[in-house]
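S.K.: Requesting a structural model of the entry that follows:
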Amino acid sequence: MCVRRETPEAAFGYRPAIPAPDFRPGRRTILSGYYSESKPGRLSRKAFLGIGGMSAAALMLGNGPLQSLGARAALGQEVPQATGYGPLVLKTDGENSLRLPAAFNFQTISRRGDPQRDGNPTPGIFDAMGAYPDAGGGVNPTGGTTILIRNHENRERPGEIKVTTGPAFEYDETAFGGCTKLVVRQTRSRDARGQEAREYGVVDSFNILGGTSTNCAGGELPFKKWMTCEEVVKRTGTGEDSLKHGYNFEVDAMSDGPVKAVPIPQMGRFVHEATAWRSGILYQTEDRSLQADPIRGTIGSSLYRYIPDGRVGQSGSLAETTGPLEALAIKGQPHFNADAVVTVGVPFPVEWVPVPEPDHDDDTDNRRDRVPNFTPTRIQAQDNGAAYFDRQGKASGFRASGRARRSTSTAPPGGRRTSGRCGSTIRAARRSP
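M.R.: This next block holds a predicted model:
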């Protein structure tokens, strides 16, 4: 399950109760561009999407209001309360309705089944998106637009519209998931009351990535790319023709046509949720609930990082890199139950433990017998002392603090010694219900 994107202020303590659209097959879906009629000015990309710091799910890294909030809580100081945006009122654009604060509006700009430039209908099951400024070129030589790379969480079920890019580009022709690219233009005018009005139009749309499954969340990369994540572990086909799923795929947001879907197994095969890029490291969250385990008692989701062996930019690909996959652990508290943390802002010293077989062959993602190469990623991590989380737990949010630097972490007996840039501590941050 993916947490729907919220407004930027949601990461700073506000939580507008904006209902999520219905994403089921056959239902009309909405891309919402929120703006304040009382505060004219250029709409930021993230305000346009209605997402913010939580777009990387519970992983919150870096400085800013969250760090200040956590520091105040850790020192026992009073945490300021937000007042929100006011009561919700029913708004309509003549096609759909949403309850929004009075100063907000929305417009439906993309619908399941809409025809696209490549001749394919727009797939459904809309999920996470990344937004990028369009500097021009392609079908929009004037620039001044916003590029959206949008996930489609198709699961190969009846009634879904497959994200088709063609055999030359698809990883698995039997899989229905993938991504579309939209180019959106904003125009401004004045309404009858003299207030500024903004309208949005899709000037280009096509399938950009296909042949993947259950594309959920993901995250933006700083070099105008999108990391889309498969929220499933399974295998399609049989024998030599079988294909494994449970991977990340990289999408070049600047491409004017479909890109080849190349899995990145070194980042781990698991039920992916979101990613966040910081200082040359890709952090990853997992979408698994707490479960019983005969050896550990309880297992859950882990928090991972992948450290590529080289720098990657617009012209490179993370699929061409190698590097360790590691999982977060609390120093001195192996197999720490992070879901039991109840105090916001409490600091924890961390280390990172190895995941020795990131591309395992357990297609169920549930084996418990610890057979080599058939042990799920999270069990490998937690057998080495990694902390575990419930995907919907109260304390599923952690924020790294401390300067990014080269540090050394020590693996448990039988593991290996690894190093990488990381924050020195993490702090518990309350996850919104």
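S.K.: thought residue 223 was touching residue 317?
M.R.: No: between residue 223 and residue 317 there is no contact under CB atoms under 8 Å: 10.4 Å. C-beta here means a position set from N, CA and C on the backbone, and glycine is covered the same way.
S.K.: so where does residue 155 fall, helix or strand?
M.R.: According to DSSP states H and E, residue 155 maps onto no helix or strand at all.
S.K.: Repeat that for the one 5 residues further on.
M.R.: Assigned by DSSP H and E, residue 160 belongs to no helix or strand.
S.K.: what's the pLDDT at it?
M.R.: Looking at residue 160, its pLDDT reads 98.
S.K.: again with residue 103
M.R.: Looking at residue 103, its pLDDT reads 88.
S.K.: what's the burial count for it?
M.R.: Residue 103 is flanked by 14 other residues according to other CB atoms under 10 Å.
S.K.: is it true that it touches residue 85?
M.R.: Yes: with contact defined as CB under 8 Å, residue 103 counts as touching residue 85 (7.1 Å).
S.K.: Around residue 201, count how many other residues there are.
M.R.: 12.
S.K.: Would you agree it falls within a strand?
M.R.: Yes: under DSSP: H, G, I helix; E, B strand; the rest coil, residue 201 falls within a strand.
S.K.: Got the phi and psi for the residue nearest to it when sequence neighbours are not counted?
M.R.: Nearest residue to residue 201, sequence neighbours excluded (CB to CB, 6 or more residues apart in numbering): residue 185, at 5.4 Å. Main-chain torsions, residue 185, degrees, to the nearest 10: phi -110, psi 140.
S.K.: Neighbours of residue 185, how many?
M.R.: 16.
S.K.: go on, residue 118?
M.R.: By other CB under 10 Å, 16 other residues sit near residue 118.
S.K.: who touches it in this structure?
M.R.: The contact partners of residue 118, by CB atoms under 8 Å, 6 or more residues apart in numbering, come to 206-207, 258.
S.K.: filter the residues you listed to the buried ones?
M.R.: Buried members of these, counted by 16 or more other CB atoms under 10 Å: 206-207, 258.
S.K.: re the thing from before, any idea which of the contacts of residue 118 is closest to residue 299?
M.R.: Residue 299 lies nearest to residue 207 out of the contacts of residue 118, by CB to CB, at 36.8 Å.
S.K.: mind listing what the host helix or strand of that closest one pairs with, with the direction of each?
M.R.: Secondary structure from DSSP H and E places residue 207 in strand 196-212. Partners of strand 196-212 in the sheet, by DSSP bridges, are strand 177-190 (antiparallel).
S.K.: mind listing what's buried in the partner strand?
M.R.: 177-186.
S.K.: do the same with stretch 283-293
M.R.: For stretch 283-293, the neighbour count (16+ other CB under 10 Å) marks 283-288, 290, 293 as buried.
S.K.: Residue 99 - how many residues pack around it?
M.R.: Around residue 99 there are 14 residues (other CB under 10 Å).
S.K.: For it, give me phi and psi.
M.R.: The phi/psi pair for residue 99 (degrees, to the nearest 10) reads phi -90, psi 120.
S.K.: Next up, the contacts around the residue nearest to residue 149 when sequence neighbours are not counted.
M.R.: Of all residues not flanking residue 149 in the chain, residue 226 sits nearest, at 4.1 Å (CB to CB, 6+ apart). Residue 226 sits next to 130, 149, 179, 218-220, 250-251, 253 when contact means CB under 8 Å, 6+ apart.
S.K.: Thought residue 379 was touching residue 368, still the case?
M.R.: Yes: applying CB under 8 Å, one finds residue 368 in contact with residue 379, separated by 7.2 Å.
S.K.: Right, I'll leave it there.
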